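Chemist: return a 3D structure for these sequence lines:
(one chain, ligands or ions: 1)
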Amino acid sequence: MSTSVSASAAAAAALLPILTGRRSPPASRVPAMATDGAAPDAGSKNKLLVFDTKEDLAVSLAKYTAELSEKFAAERGAFTVVLSGGSLIDALSKLTEPPYLESVDWSKWHVFWVDERVVPKNHEDSNYKLAFDGFLSKVPIPPGQVYAINDALSAEGAADDYEACLKQLVKNGVIAMSAATGFPRFDLQLLGMGPDGHIASLFPGHPLLNEKERWVTYIKDSPKPPPERITFTFPVINSSAYIAMVVTGAGKAGPVQKALSDKQTSSDLLPVEMAVLHDGEFTWFTDKPAVSMLQNK
Ligand SMILES: O=C(O)[C@H](O)[C@@H](O)[C@H](O)[C@H](O)COP(=O)(O)O
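Modeler: Numbers count the residues shown, from 1 in each chain. Have a look, this model is predicted:
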């Protein structure tokens, strides 16, 4: 879209040498840049978009999400969308306005959370409340297709209950399965990243990063309050068909630089670096401050 043209072009010019492989970075991680504001290299499964303003980012994210909604509604008769908490919800604001409010087939949406804080749904820390107030209350998704955690349960109980809910929806054909990984394959996961490089409730150095069996697990010692949360595991995150990683602000420039550089070592990966799709398309929605360390290299 024209709103992303100048920002993407400017950033692309600066980033292209870093991101297109003069030093042979891993192909699975390093994105293609948008060089003219249109879609970046259509052949690439990793894309980096850089916007001038939050408004521009929100316009592009709405278009991207609406297009995927149309695609999956046509292909599968359902569109499974995973939300995170944080600033992502604000970035979805354009979907609640014309033309998307009318043009999106909201009846096909099924909404999940990549992570949730173990608090009542009306608590100010609740990711459900954040999403409901800022997004879900403004669009006509059938309430029975919004899958909040059971807030009457403990962290362990809520994780088990949420995993059982996902398994039932796989059986019903609402959620697809990845034949390749044996984990659920959500159509779109809309994620954010913390300044420490965490995604979902998967924090740097935490043993949960190595979970290989569970679909949903829990944490009781989250370094970001509140301490008790449930979270999707990496096998589920990495089985998605599409991920939009929405990251803005200078406070995130360090982890963005680490995630998009070619200098990773296998021993000290940030959680965001471990988000590598098995067979899907990963798009970064960023602003100039978030990619500022790349530009300064
Ligand atoms: O429950 C949570 O804490 C969130 O789901 C969390 O994973 C969030 O997405 C990131 O911390 C980014 O948040 P910001 O975009 O607000 O920095």
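
Chemist: so for stretch 222-231, what gets flagged as buried?
Modeler: 222, 224, 228-231 (16 or more other Cβ atoms under 10 Å). C-beta: built from backbone N, CA, C; applies to glycine.

Chemist: so which of those residues is the closest to the ligand?
Modeler: Set against the ligand, the nearest of the buried residues of stretch 222-231 by Cβ to the nearest ligand atom is K224 (5.5 Å).

Chemist: the closest residue to that closest one other than its chain neighbours: neighbour count?
Modeler: Spatial nearest neighbour of K224, excluding adjacent residues (Cβ to Cβ, 6 or more residues apart in numbering): G194 at 6.4 Å. When neighbours are counted by other Cβ atoms under 10 Å, G194 registers 21.

Chemist: helix/strand/coil for the residue positioned nearest the centre of the chain?
Modeler: The centroid of the chain falls nearest to L191 when counting by Cα atoms, centre = their mean (2.2 Å). Following DSSP: H, G, I helix; E, B strand; the rest coil, the label given to L191 is strand.

Chemist: beta partners for it?
Modeler: M245 (DSSP bridges).

Chemist: for it, report the pLDDT, please.
Modeler: Note for L191: predicted pLDDT of 98.

Chemist: one step back: got a list of what the residue nearest to K224 touches?
Modeler: 86, 224, 252 (Cβ atoms under 8 Å, 6 or more residues apart in numbering).

Chemist: next one, pLDDT for the first one please.
Modeler: What the model reports for G86 is a pLDDT of 96.

Chemist: let's number from 12 now, not from 1
Modeler: Sure, I'll start numbering at 12, so the last one becomes G97.

Chemist: what about it, which helix or strand?
Modeler: Using DSSP states H and E, G97 maps to neither a helix nor a strand.

Chemist: number of nearby residues for it?
Modeler: That count, for G97 with other Cβ under 10 Å as the rule, works out to 17.

Chemist: mind listing what it touches?
Modeler: 203, 205.

Chemist: what's the spacing between it and V257?
Modeler: 9 Å (Cβ to Cβ, to the nearest Å).

Chemist: cool, the last one as well?
Modeler: As defined by Cβ to Cβ, K263 lies at a distance of 10 Å from V257.

Chemist: please apply the same query to the second one.
Modeler: Taking Cβ to Cβ as the criterion, K235 is separated from V257 by 17 Å.

Chemist: which element is the residue nearest to K235 on?
Modeler: Secondary structure from DSSP H and E places G205 outside every helix and strand.

Chemist: any idea how far the ligand is from it?
Modeler: Computed as Cβ to the nearest ligand atom, to the nearest Å, the G205 to the ligand distance reads 4 Å.

Chemist: rewinding a little: return only those of the contacts of G205 found close to the ligand.
Modeler: Filtering the contacts of G205 for proximity to the ligand by Cβ under 6 Å from any ligand atom leaves 97, 235.

Chemist: just read off the phi/psi values of the closest residue to the ligand within the chain.
Modeler: Nearest to the ligand, among the residues of the chain, is G97, at 2.4 Å (Cβ to the nearest ligand atom). The phi/psi pair for G97 (degrees, to the nearest 10) reads phi 70, psi -150.

Chemist: distance of it from P206?
Modeler: 11 Å.

Chemist: from E81, how far off is P109?
Modeler: Counting by Cβ to Cβ, the gap from P109 to E81 is 16 Å.

Chemist: quick one: which of those two has more around it?
Modeler: Higher neighbour count among P109 and E81: E81, with 15 against 8, using other Cβ under 10 Å.

Chemist: what sits against that one?
Modeler: 115-116.

Chemist: do the one 10 residues further on as well
Modeler: When the contact criterion is Cβ under 8 Å, 6+ apart, the partners of T91 are 83, 121, 123, 185-187, 197-199.

Chemist: so what's the backbone phi/psi at it?
Modeler: Main-chain dihedrals, T91, degrees, to the nearest 10: phi -100, psi 120.

Chemist: let me know the pLDDT of it.
Modeler: Confidence score, pLDDT, at T91: 99.

Chemist: for D273, same thing?
Modeler: Per the predicted model, pLDDT is 72 at D273.

Chemist: cool, the one 10 residues further on as well?
Modeler: pLDDT for V283: 97.
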